[in-house]
Each structure stands twice: as C-alpha cells, then as structure tokens.
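Novice: Got a sequence here, can you model it:
(2 chains)
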Amino acid sequence: MHLPVFLDDPRRLRRLLSSSSSAAAARTLARLHALLIVSSSATHTLISSLAAAYARAGDLAAAESTLTATAAASSSIAAWNAIIAAHSRRGSPASALRVFRALPPAARPDSTTFTLALSACARIGDIRGGESVRDRAFDAGYKDDVFVCSSLLHLYARWGAMCDAVKVFDRMPRRDRVTWSTMVAGFVSAGLPLEAIQMYRRMREDGVKGDEVVMIGVIQACTAARNVRMGASVHGHLLRHGMRMDVVTATSLVDMYAKNGLLDVACRVFGLMVHRNDVSWSAMISGFAQNGQSDEALRLFRNMQASGIQPDSGALVSALLACSNIGFLKLGRSVHGFILRRFEFSCILGTAAIDMYSKCGSLASAQMLFNMISDRDLILWNAMIACCGAHGRGQDALTLFQEMNETGMRPDHATFASLLSALSHSGLVEEGKLWFDRMVNDFKITPAEKHYVCLVDLLARSGLVEEAGDLLTSMKAEPTVAIWVALLSGCLNNKKLELGESIADSILELQPDDVGVLALVSNLYAATKKWDKVRQVRKLMKDSGSKKMPGCSYIEICGTRHTFVMEDQSHPQREEIVSKVAKLDLEMRKMGYIPRTEFVYHDLEEEVKEQQLSYHSERLAIAFGLLNTGPGTRLVIIKNLRVCGDCHDAIKYISKITDREIVVRDAKRFHHFKDGACSCRDYW
DNA sequence: CTAGGGTTAG
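Specialist: Numbering: from 1, shown residues only, chains lettered A, B, ... in the order given. Okay, the predicted model is just below:
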C-alpha cells in the first residue's frame, strides 16, 4: 500500500495535528487516523496527539475513543486534558467531570487536569466534588500550585463560601493577578464590597499590577459601596494606563455611574463605546428605569431593537420595570408577547412581568401568567403574594402562601412581609397575629422593621391600639418612624387622642422630613386643638415640601399613555378637564366633601389652596379618564408621589358620583375606590 | 491542555 510521505515527516505531521479546529479538519484527522492504523505506525505519542487534535477540532467522541482503544490512554494526560478542556469550552462542565472521573487509573492527572476539574465543579456549584478533587490534587503534590489553588479559591468564592476562600488564599505561597481578582470578585458577589476594595489595596501593596478583570471587580465594588469617587478614579486609572476598554469593562462603568445616579456620565461612557452588546444596552436601560426615567428607558429599549440588537432577558426585565413604573400596560403586554414568542419564561422574567401587571393594576393577567409558570422559585411566589396583597386580596394571598408551603418552598422574610401586609390591608387581624407568631416561632425568622410595621398597622387599624403599644414595648430595638406612624394613624382613626399625642411627640423627636408623616402629625395636633404645635409642624412641612419633585400622574386609555402635572397648561383637552374638575367639585361639596387645605404646603389664600387641591395631577388624570372612557370602565392611575389625604377623600366621592371603580397606585401603595369606599382603609 | 470578568426580579 502506498503511504503518504508525511507519515515519515514528523514536522509536517505535527503541523497537521495541531492545525485549525474545523469540521473539515476533523475529516482530515479521520483519514489520517485510518492511515496510521493501516500502516501500523501508530505510536503512543502519535495517537495521543491525534486524540488531542480531535478534541481541538470538536470531535470529542472520536477523541475519547481514540484514546481508550489503545494503551496510549494511561500515558497521555495531555490528550485527556485537551478533551476535558474542550468539554469545558463547549459549556458542559458535567461532561468534563465525567471524563475526569473516568480517567484510566494509570493516567497521572497534572496541574492542568486538576485545574480544569475544579473549574468544572465551580460552574455547577459542586463544592463537595471540588473538595475531593482538591484532596487528590494535594496528594499528587500540587498544594502550592497557583492554578490549582486559584481555581479552588474560585469554587468557594463563587458559591459564597468566602471563609473557606480566605483560608485557601492565606495559605498560598504565591499569588498572581488571577488569584487576587478571584478574591475581589468573590467579596463583591458575597455583598462585601468594602472587603473587595481592601483586597485590591492589598494587591497593589503586594506589587501586583491589576488588569481589566481585576478592575471590573473593583468597579463593581464601587457600585455596591456607592463610592462614585473611587469608581471615577478607577475609570481614570484605566484610561491613564491604557488598559483595554472592552465591552465588559465599559459596561460595568456604565452600570457604576447609572446606579449611583450619575446618568449623564453613564450616557457619555455608553455613547463612547465602539462596540455595544445586549448587556451594555441592558445596563443603560436599567439605569434609566431605576432612576425613575422610565420614558427614556423605553426609548432606549426601542433604539436597541432598531440598531439590530435582540434584547436579552436583562433588557426585557428592565423594560418591564419601566412599564410598571409608569403604568404602561399596553407596552408591558407587548413585551410579554415578545417574550412568549422568543423565550422561555424564566422565573426572573416571570417575576418582572407579574410585577408589571400588578403595578399596572391588572391582577387577572398577573394570575394567569403565574399559573402558566410551573417551575416557581421563592421570589416568584413572593411577587404573586405581594400582588394579591396590593390588590386588596388578603384571603387569596393567604391561600397562595399555604399552597406555597405545600410545595415545600420555604418562605423567607420577604414572603412574610408581603403576607402580613396583605392581611393588614384586608383587615384580617386574627390571621395576621397568628402568622406573625408562626413566623417567629415556627419559621425562626427574626422580625425586621417591616414586619413590625405591618403588625402594628394591622392592630392599630382595627382599634387594638393598646395591644399595638404593648408590641412596641416588647421590641428589642427602639421603634422607628415607620412603626410610630402606623400606630399614630391607628390612634387618629380610632380617636385615641391622648396616646396619639405622645406618639406624635416621639415622632417629632426623630426629626422626620417626610411630608406625609408631618401631615399626619399635624392632623393629630389639630384634633387635640394644640394649635401652636400645629403651626410648628406646618412650618416643618413647608420647609421640606418645597424640595419635593413635582407630582405627576399617568393614565392609559386604549393603549395610549397620558401624563398630567399640576402646572401643565398645554394639554389639548385642558379646558374640558378643568371644567370637569370644577363640576365634580360642586357635586362633591353637595355630598359633604370639605377640602382639606392643610395638605397644601404653600402660604396661600384658603381659596387658592382649594383650587390647588382640585388641580392635583391625579384629579386631572381622573377627569381626563372620565371624559374619554365609557360608563363603568375602570380607571387606573399611577402617581409618582403619595396621594394626599384630601385627594384620597375626593376620589371616594368621585367614585360614588360617577359609579366608577378607580384604582390609584402611588409611591406607597394601591388604593381601590369603589362605591365611595377605599379598600386600602382608613387613610389619614 | 490550565484558573478570574458585565446587566436583569420580590
């Protein structure tokens, strides 16, 4: 048989075996393989090079069988490493581990093998498995190997076991930048940004130069520690040292600036990026959405698609968040549709969508979506329970909570916060008390401030003010403003004025700057006719009230969103809206409505104050809704600030007069008005 | 043939 000459030319053979990795290469290798066998010139070295070449070319099955079929199997660890590495690159750490574990007993794994195996364990989160790899590696004499130790470090750091990571780290005789960057990233993901920054400092003291990857960790640490100064100096450091500003680095800078409120800087960095991918867009979109600039976020979302980049789940989540901020139900629905066509509904997307429906006032859609997702995680359950609560369905929230327990899912502090709040808003006092107790005693969850607020609120609303007061004394920590406020509003509603007054004093001592809180305090003093104190509080209100951003309300009609602010004279239907407001005012007064001018914090004539109340953005939005929808249509209004006590009263009258169901979501919670009542009861 | 990196939910 005629053999190609190159079988006798080792140089050429080696070149062929290390050539590029493509399907064509794999076919060439198969031919070569056949020739080697036919010509019986297959040495162990050649076979293992061939196997490695198969692995590089992507034919892992061929690589493996080539090796296992021969005696070369036990002597060629490099070829096995190539196979394991190829599995890892392909994104199947489990296969990598399978090959590692099935290595022939005589094969001696080296540093590379152990490093690959540990990295595979880190990806799937198998700490136990990783530790047995570690034992073998240490036995084989790799105790001080930087690669082995760094990957072990990563295994711990990645899964939150920072104590173990630190132990490994402290024992390492030599550390390189990868070691340090693993520690930095580990502390960041463990929620310990200050420790991460500390690590970076130690690295510099050690004389190790950071690269992009370390700096990304440091940038993230600055983001989490809300340290823009340092973040900006890291940014400067990158530029000065001519480090590669790749997509990932630039994206983390965008995120750092955006999360710290410097949206303009974030935009500039984003604008300077030569190459942007889906994640960079997501970071920018979420930056806007989380800073209350939802319209801008959605504009960017459209730009992203227009520039040909398919939104990933991050961008979709942020778009949904923006929709829920401004109550843009129609766009939220279309995002939902987009997800259905192109993605699986992951829990994270599902949670965002459920939250969007909840905040846009569509309980039914939220429930439908929730029922469609069968693989539910804790956060998804929590979101749905919170949704029921927000919509005044305390009993449904409880049923859901019990259903959740039956599936074996363990509720956490957030679950109980949602549950207790739901029970409180539905007036389910006994259930609330019961589940607070069970939370503490059965579920061993230490109550946090929010849980106390819910329980105090629950008790105080139903007039059990004394019992709520006892709860406060039983608390270990001093009551906070929020807790006092819950108790105080209960006192006011249940005419427990004496107790109320002492609570009002306690609140003032804590120097709150929330106008809503001060309004409540002022109302209490007014009820006890302490006029000098009323004046004192009203002055505080005026001081803090002047700083607040303008109130703004949204209403969506037939898929179009309309925005209202008090000062805006430009609305095309302004005249009509104003006369509708005036007409309603007249009817309301006939039914007993008295304007509560104490909610106007400017020094104005009484009459002007009354007019200001009528022009609050939510009243304008409601009037617009009444003008543009048929009778019986439910109105959903989203307000960026709190609905004041006066508007709250007014809307009750409006819902009765017009026989409409009106839902107002404000910065605090939902208010459902129907037949002149509000299910979010007893607002002050 | 080997280790470390960005966004997103209650």
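Novice: Give me the spatial nearest neighbour of whichever residue of the stretch 351-500 of chain A sits closest to DNA strand B, chain neighbours excluded.
Specialist: The nearest approach of the stretch 351-500 of chain A to DNA strand B comes at A:Ala414, 3.2 Å away (CB to the nearest atom of the strand). The C-beta positions use only the backbone N, C-alpha and C, and glycine is treated the same way. Nearest residue to A:Ala414 in three dimensions, chain neighbours excluded: A:Asn382, at 5.1 Å (CB to CB, 6 or more residues apart in numbering).
Novice: what about that neighbour, neighbour count?
Specialist: Per other CB atoms under 10 Å, the neighbour tally for A:Asn382 reads 23.
Novice: Next secondary structure after the strand or helix carrying it?
Specialist: Applying DSSP states H and E as the criterion places A:Asn382 in helix A:378-390. Using DSSP H and E, the next helix or strand after helix A:378-390 towards the C-terminus is helix A:394-406.
Novice: how about that next one against DNA strand B, any contact?
Specialist: No: using CB under 7 Å from any atom of the strand, we find that helix A:394-406 stays clear of DNA strand B, coming within 11.1 Å at best.
Novice: Show me what from the stretch 401-550 of chain A comes close to DNA strand B.
Specialist: Counting by CB under 7 Å from any atom of the strand, the stretch 401-550 of chain A comes close to DNA strand B at A:Asp412, A:Ala414, A:Thr415, A:Ser418.
Novice: who wins for neighbours among these?
Specialist: Comparing these by number of neighbours (other CB under 10 Å), A:Ser418 comes first, having 26 neighbours.
Novice: Could you measure from A:Cys678 over to A:Arg561?
Specialist: From A:Cys678 over to A:Arg561 the distance is 24 Å, taken as CB to CB, to the nearest Å.
Novice: and what of A:Asn382?
Specialist: To A:Arg561, A:Asn382 is 28 Å away according to CB to CB.
Novice: go on, A:Arg98?
Specialist: As judged by CB to CB, A:Arg98 and A:Arg561 stand 54 Å apart.
Novice: Neighbour count for those two, which is higher?
Specialist: Taking neighbours as other CB under 10 Å, A:Arg98 and A:Arg561 compare with A:Arg561 leading, 17 against 13.
Novice: residue ranges of the helices in the stretch 1-150 of chain A, please?
Specialist: Counting by DSSP state H, counting those that start in this stretch, the stretch 1-150 of chain A has helices at residues A:10-17, A:23-38, A:44-57, A:60-68, A:77-89, A:93-101, A:111-124, A:127-139, A:146-158.
Novice: Which single residue in chain A comes nearest to DNA strand B?
Specialist: Closest approach between chain A and DNA strand B, counting by CB to the nearest atom of the strand: A:Gly314, at 2.1 Å.
Novice: Nearest residue to that residue in space, please, no chain neighbours.
Specialist: A:Ser282 (3.4 Å).
Novice: which of the residues in stretch A:154-168 are buried?
Specialist: Neighbour-count burial for stretch A:154-168 flags A:His154, A:Leu155, A:Tyr156, A:Ala157, A:Arg158, A:Trp159, A:Met162, A:Asp164, A:Ala165, A:Val166, A:Val168 (criterion: 16 or more other CB atoms under 10 Å).
Novice: Over to stretch A:492-510?
Specialist: In stretch A:492-510, counting by 16+ other CB under 10 Å, buried: A:Leu492, A:Asn493, A:Asn494, A:Lys496, A:Leu499, A:Gly500, A:Glu501, A:Ile503, A:Ala504, A:Ser506, A:Ile507, A:Leu508.
Novice: out of those, what pair is the most spread apart?
Specialist: Largest separation among these by CB to CB: A:Asn494 and A:Leu508, giving 21.1 Å.
Novice: returning to that earlier point: so which other helices or strands are in contact with the strand or helix carrying the residue of the stretch 351-500 of chain A closest to DNA strand B?
Specialist: Using DSSP H and E, A:Ala414 sits in helix A:413-425. Judged by 3 or more CB pairs under 8 Å, 6 or more residues apart in numbering; DSSP states H and E, the packing partners of helix A:413-425 are helix A:378-390, helix A:394-406, helix A:429-441, helix A:449-461.
Novice: Now render the ones you listed as a markdown table, adding mean pLDDT.
Specialist: A markdown table is the format used below for those (pLDDT from 0 to 100):
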| stretch | mean pLDDT |
| --- | --- |
| helix A:378-390 | 97 |
| helix A:394-406 | 97 |
| helix A:429-441 | 96 |
| helix A:449-461 | 93 |
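Novice: export these to CSV and tack on distance to A:Cys267?
Specialist: CSV is the format used below for the helices and strands packed on helix A:413-425 (distance: least, CB to CB, whole Å):
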stretch, distance to A:Cys267
helix A:378-390, 30
helix A:394-406, 40
helix A:429-441, 44
helix A:449-461, 34
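Novice: Wait, A:Gly632 touches A:Ile662, no?
Specialist: No: using CB atoms under 8 Å as the test, A:Gly632 is too far from A:Ile662 to be in contact (12.0 Å).
Novice: Would you mind telling me which of those two has the busier surroundings?
Specialist: A:Ile662 (22 against 9).
Novice: Could you list the low-confidence segments of chain A?
Specialist: A:1-27, A:29, A:32-47, A:51, A:54-55, A:60, A:62-65, A:69-75, A:545-548, A:681-684 (pLDDT under 70).
Novice: Spit out the contact partners of A:Ala322.
Specialist: Applying CB atoms under 8 Å, 6 or more residues apart in numbering, we find A:Ala322 in contact with A:Ile285, A:Phe288, A:Ala289, A:Ser294, A:Asp295, A:Ala297, A:Leu298, A:Phe301, A:Phe328.
Novice: ok, the second one - how many residues close by?
Specialist: Pointing back at A:Phe288 there. Residues lying near A:Phe288 (other CB under 10 Å) number 25.
Novice: pretty sure A:Leu423 is touching A:Gly394, no?
Specialist: Yes: contact criterion CB under 8 Å: A:Leu423 and A:Gly394 qualify, at 5.0 Å.
Novice: Now for A:Leu635: which residues touch it?
Specialist: A:Ile555, A:Ile622, A:Gly625, A:Leu626, A:Thr629, A:Arg660, A:Glu661, A:Ile662, A:Val663.
Novice: Turn those residues into CSV, columns for secondary structure and distance to DNA strand B.
Specialist: What follows is the contacts of A:Leu635, written out as CSV (DSSP: H, G, I helix; E, B strand; the rest coil; distance: CB to the nearest atom of the strand, whole Å):
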residue, secondary structure, distance to DNA strand B
A:Ile555, strand, 22
A:Ile622, helix, 26
A:Gly625, helix, 26
A:Leu626, helix, 31
A:Thr629, coil, 29
A:Arg660, coil, 28
A:Glu661, coil, 23
A:Ile662, strand, 23
A:Val663, strand, 18
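Novice: now the strands: where do they sit in chain A?
Specialist: Ranges of strands within chain A are A:552-557, A:560-565, A:635-639, A:662-665, A:670-674, A:677-678, based on DSSP state E.
Novice: What ranges does the stretch 201-350 of chain A have for its helices?
Specialist: Taking DSSP H, counting those that start in this stretch, the helices of the stretch 201-350 of chain A run over residues A:212-224, A:228-240, A:247-259, A:263-272, A:278-290, A:294-306, A:313-326, A:329-342, A:347-359.
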